[in-house]
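1. whatever this is, show me its structure:
(one chain, ligands or ions: 1)
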Amino acid sequence: MTFSERLYERLQPIWRRNHAHPFVQGMGDGTLDLEKFRFYMIQDYVYLKDYAKLFALGAVKSDDLAVMGKFAALLDSTLNEEMSLHRAYAARFGITVEELEQAKPSPVTLAYTHYMLHTAQNGSLAELTAALLPCMWSYSEIGKELSRLPGVSEHSYYGDWIKMYSSEEFGALAQWCIGLLDRLAEGKPESELIRLEEIFLNTTRYEYLFWEMAYRMESWPDE
Ligand SMILES: Cc1ncc(CN)c(N)n1
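-> Take a look at the predicted model:
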């Protein structure tokens, strides 16, 4: 069994909760309130700005040219493809790029990105990869699962989101990250695998909290 198979098997309960979240299901059946989606888009933009830095840190922590190149490609794709989706949605919501850039993180966004950046800056390349993987992997799985629902890709708002995350290109990037973690985990003692599992579990939990935060449009108490 590969390390990613072990993670997938062990974390099924929380993984399924992510897929079953009303925000995710609401995109699938088209009933999600647009205000919640608007809130999500802005927070996700703020999130991705920090998330992209993990790829830059991954390149710094690697000595393998192929890995460095792939991290550079992931950085480029996050900033210029994934975040373009958000810029396009923002335009539809009447939000300017300047407003997007100035948006401030909610408590959950801040906690999630800071946890990942802290792990990436202080940990090994394997720890960095374990931290960033649930983001890529769970969106690719959610995108694919939603895209199987009839007519969903044609939804005037949620269709583009589902098309992006169910795309082969996004799936291939997620698969590369899974393969990288498997390679990095190979031959590691159980104590280190437990540490990697804990990091992966925490960012999987943060994925859930992010859906919950967006669904409830949670911000700071004084806002
Ligand atoms: C919170 C979150 N998690 C994952 C992804 C997919 N890159 C995202 N855009 N936002």
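2. so how far is residue 39 from residue 223?
-> Distance, residue 223 to residue 39, by Cβ to Cβ, to the nearest Å: 12 Å. In this view, the C-beta of every residue, glycine as well, is placed from N, C-alpha and C.
3. higher neighbour count, the two?
-> The neighbour count for residue 223 versus residue 39, taken as other Cβ atoms under 10 Å, is higher for residue 39 (19 against 7).
4. next to the ligand, which bits of this structure? Give me the list.
-> Residues of the chain lying close to the ligand by Cβ under 6 Å from any ligand atom are 44, 47-48, 82, 135-136, 139, 207, 210.
5. so which of those residues are in helices?
-> 44, 47-48, 135-136, 139, 207, 210 (DSSP state H).
6. turn the residues you listed into a markdown table, including neighbour count.
-> As requested, those are exported to a markdown table (neighbours: other Cβ atoms under 10 Å):
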| residue | neighbour count |
| --- | --- |
| 44 | 21 |
| 47 | 23 |
| 48 | 18 |
| 135 | 23 |
| 136 | 21 |
| 139 | 20 |
| 207 | 22 |
| 210 | 24 |
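7. could I get those residues as JSON lines with distance to residue 176 and pLDDT?
-> As requested, those are exported to JSON lines (distance: Cβ to Cβ, whole Å; pLDDT from 0 to 100):
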{"residue": "44", "distance to residue 176": "22", "pLDDT": "98"}
{"residue": "47", "distance to residue 176": "21", "pLDDT": "98"}
{"residue": "48", "distance to residue 176": "18", "pLDDT": "98"}
{"residue": "135", "distance to residue 176": "14", "pLDDT": "98"}
{"residue": "136", "distance to residue 176": "9", "pLDDT": "98"}
{"residue": "139", "distance to residue 176": "14", "pLDDT": "98"}
{"residue": "207", "distance to residue 176": "19", "pLDDT": "98"}
{"residue": "210", "distance to residue 176": "23", "pLDDT": "98"}
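8. could you find the closest non-adjacent residue to the spatially most central residue of the chain?
-> Geometric centre of the chain, nearest residue: residue 135, 2.5 Å, by Cα atoms, centre = their mean. Excluding its sequence neighbours, the residue lying closest to residue 135 (Cβ to Cβ, 6 or more residues apart in numbering) is residue 51, at 6.3 Å.
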